[in-house]
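Engineer: Give me coordinates for this.
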Amino acid sequence: MQPPDELTPLHEAQALVAGACEPLDVVRWPLSVAGGCVTVEAVLATEAVPPFDNSAMDGYAVRAADLEPASAEAPVTLQVVDSVLAGHVGTVTLGAGQCARIMTGAPLPPGADAVVAVEATSTGAWEADAPVESQVSVAAPFSEGANVRRAGEDVAPGDLLVAPGSVLTPARLGMLAAAGQATVAVHPRPRVGVFTTGDELVGPVWPLAPGQIRDSNRAMLVATLAADGFATVDLGHVADDEAALADAVGRGITSCDALLTTGGVSMGAVDLVRVVLDRLGDLRWLSVAIKPAKPFAFGLVGRRGRSVPVFGLPGNPVSAAVSYELLARVGLRRLAGFPPDDLVRRSEPAVVEGALRRRPDGKVHYQRVVATRGDDGMLRVRSAGGQGSHQLSALAAANALAVLPDGDGAADGDVVDVLVTG
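Structural biologist: All right, here's what the predicted structure looks like:
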């Protein structure tokens, strides 16, 4: 066990977590459930997108050569010989002076090489079920390929659709679907169990007895996990009782891929989470050189041949949130298959408005701030309020954490690193 006065640099604690968390076993899932997951293989297109030349708008499929003499003074009149709807194909090959009505997305009929928007014709508008006009006038020339989406213009067979290690965003899923992919190999989203500890905690519907406070951590962490794309299992609140804690840990590691606890990880006489986890697994108890969130526990706990990472977060709400952001989130993203260089949120510079004060104490401070982006693209940050580890109001108002190295803080106009979290 690490001596209580020895501080562990944050990067070392993050490396410990990342090194112990292996990506979950690969699954092949349908696109409908794979959103937010990380791919494990390159996916190449087997089909062209679009699969055929088609119209980019409602109008008339034409032969561009027929429109070369067209002008406002002397429009060209074409004979309408067919109507092509989306999902259907033309039945007439266009000859000289002929055209076909066409809907957006419908394939170009044989002989056509351009599309004239309906607004650019004498009709000005038409509906799919209207009878075919015998003639239509076009007042401006249109070049070959005008308003035509070419086959393979977006994706050609053999093109790389997604690379290994890519997050499946909605747009990427749409692209896979457009290219005829039904399933994709991914690392699944980790199922993360969450329970809070402490006799002082009570839920929102119960009256507060003397000495009790509301359990805010569980609701906050469950929502944070969901926002980060992880599946969550709410394991409830557990009293300061060894048997109850051991049961909660057992249920968590049996049904989940990782476990988050809050409270009971310091050096207090009733910090029983330490006792239980030390008995069940291989845990490290760290004093991380940050404020808030100095106490942190991490390790692997096994039961019935299964070992899962367990993250012991501090009990104060702000400390729990910061500990999750800087440490637990790193391990969970690794379980989800994120590459090693994409586990920690990237910081960016920001100009301080006002001042962000602190005292030297050998730790890096993560102050809760409100970040806004100016017209010049530069972030500007101001304090979100009280910086105590119990002060949820400032955490709720904040959308970023300002990184303040050991020292006296930052003055008005200074530039600091910022982690934008919301």
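
Engineer: And the helix of greatest length in the chain, what's buried?
Structural biologist: Scanning the chain for the helix with the most residues, using DSSP state H, yields helix 242-255. Residues of helix 242-255 classed as buried: 244-246, 248-249, 251-253 (neighbour count, 16 or more other C-beta atoms under 10 Å). Where you see a C-beta, it was placed from the backbone N, CA and C, and this is true even at glycine.

Engineer: ok, residue 57 - how many residues close by?
Structural biologist: Residues near residue 57, counting by other C-beta atoms under 10 Å, number 17.

Engineer: Actually, residue 95.
Structural biologist: Quick note: residue 95 (other C-beta under 10 Å) scores 11 neighbours.

Engineer: next one: the one 3 residues further on
Structural biologist: Around residue 98 sit 20 other residues, with neighbours defined as other C-beta under 10 Å.

Engineer: follow-up on the earlier one: can you name every helix or strand that the longest helix of the chain contacts?
Structural biologist: Secondary-structure packing of helix 242-255 (3 or more C-beta pairs under 8 Å, 6 or more residues apart in numbering; DSSP states H and E): strand 191-197, strand 231-238, strand 258-262, helix 272-280, strand 295-303, strand 306-313.

Engineer: what's the angle from it to strand 258-262?
Structural biologist: Orientation of helix 242-255 against strand 258-262 (axes from the mean of the first three to the mean of the last three C-alpha atoms, to 10 degrees) gives an angle of 150 degrees.

Engineer: and for helix 242-255, what are the contacting residues?
Structural biologist: Helix 242-255 is contacted from outside by 191, 193, 195, 197, 233, 235-236, 238, 259, 261, 264, 272-273, 275-277, 279-280, 301-304, 306-308, 310, using C-beta atoms under 8 Å, 6 or more residues apart in numbering.

Engineer: Would you show me how to pick out the buried ones of those in PyMOL?
Structural biologist: Command for PyMOL that selects the buried part of those, burial taken from 16+ other C-beta under 10 Å:
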select buried, resi 191+193+195+197+233+235+238+259+261+264+272+273+276+277+280+301+308+310
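
Engineer: quick revisit: go through the buried residues of helix 242-255 and name the one nearest residue 374.
Structural biologist: residue 252 (44.8 Å; C-beta to C-beta).

Engineer: Return the per-residue confidence for the closest one.
Structural biologist: The model reports residue 252 with a pLDDT of 91.

Engineer: Now for residue 338: which residues touch it?
Structural biologist: Contacts of residue 338 (C-beta under 8 Å, 6+ apart): 38, 165, 167.

Engineer: what's the closest of the helices and strands packed on helix 242-255 to residue 406?
Structural biologist: Smallest distance to residue 406 across these (C-beta to C-beta): 18.6 Å, for strand 295-303.

Engineer: for the closest one, packing partners?
Structural biologist: Taking 3+ C-beta pairs under 8 Å, 6+ apart as the contact cut, strand 295-303 packs with helix 10-20, helix 242-255, helix 272-280, strand 281-288, strand 306-313.

Engineer: By mean pLDDT, show me the worst of these.
Structural biologist: helix 272-280 has the lowest average pLDDT among the helices and strands packed on strand 295-303, namely a mean of 82.

Engineer: on contacts alone, who are the packing partners of that one?
Structural biologist: helix 242-255, strand 281-288, strand 295-303, strand 306-313.

Engineer: would JSON lines of the ones you listed with distance to residue 6 be doable?
Structural biologist: Below are those laid out as JSON lines (distance: least, C-beta to C-beta, whole Å):
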{"stretch": "helix 242-255", "distance to residue 6": "26"}
{"stretch": "strand 281-288", "distance to residue 6": "7"}
{"stretch": "strand 295-303", "distance to residue 6": "13"}
{"stretch": "strand 306-313", "distance to residue 6": "18"}
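
Engineer: shaky segments in the chain?
Structural biologist: 1-5, 124-132, 264-271, 303-304 (pLDDT under 70).

Engineer: List the buried residues for stretch 355-374?
Structural biologist: 356, 358, 363-371.

Engineer: Next: stretch 163-172.
Structural biologist: Buried residues in stretch 163-172, counted by 16+ other C-beta under 10 Å: 165-168, 172.

Engineer: What of stretch 79-98?
Structural biologist: Applying 16+ other C-beta under 10 Å to stretch 79-98 flags 80-84, 90, 94, 98 as buried.

Engineer: measure it end to end?
Structural biologist: 5 Å (C-alpha to C-alpha, to the nearest Å).

Engineer: Could you say which one of the helices and strands packed on helix 242-255 comes nearest to residue 181?
Structural biologist: Using C-beta to C-beta, the helices and strands packed on helix 242-255 put strand 231-238 closest to residue 181, at 23.3 Å.

Engineer: What is the closest one packed up against?
Structural biologist: So strand 231-238, by 3+ C-beta pairs under 8 Å, 6+ apart, packs with strand 191-197, helix 217-227, helix 242-255.

Engineer: Show which residues not belonging to the first one make contact with it.
Structural biologist: Strand 191-197 is contacted by residues 215, 217-218, 221-222, 225, 230-240, 245, 248, 251-253, 255-264, 272-273, 315, 332 when judged by C-beta under 8 Å, 6+ apart.

Engineer: run the last query once more with 6 Å
Structural biologist: The set of residues external to strand 191-197 that reach it, using C-beta atoms under 6 Å, 6 or more residues apart in numbering, is 215, 217-218, 221-222, 225, 230-238, 248, 252, 256-264, 273.

Engineer: show me the contacts for residue 30.
Structural biologist: residue 183.

Engineer: Next one: it from residue 38, what distance?
Structural biologist: Distance from residue 30 to residue 38, counting by C-beta to C-beta, to the nearest Å: 16 Å.

Engineer: Equivalent analysis for residue 383, please.
Structural biologist: Residue 383 sits 36 Å away from residue 38, going by C-beta to C-beta.

Engineer: Counting neighbours around each, name which of the two comes out higher.
Structural biologist: Each of residue 383 and residue 38 has its neighbours counted (other C-beta under 10 Å); residue 38 has more, 23 against 20.

Engineer: excluding its backbone neighbours, what's nearest the more buried one?
Structural biologist: Closest residue in space to residue 38, ignoring its immediate chain neighbours: residue 337 at 3.7 Å, by C-beta to C-beta, 6 or more residues apart in numbering.

Engineer: for the one you found, phi and psi?
Structural biologist: Backbone torsions of residue 337, given as degrees, to the nearest 10, read phi 90, psi 10.
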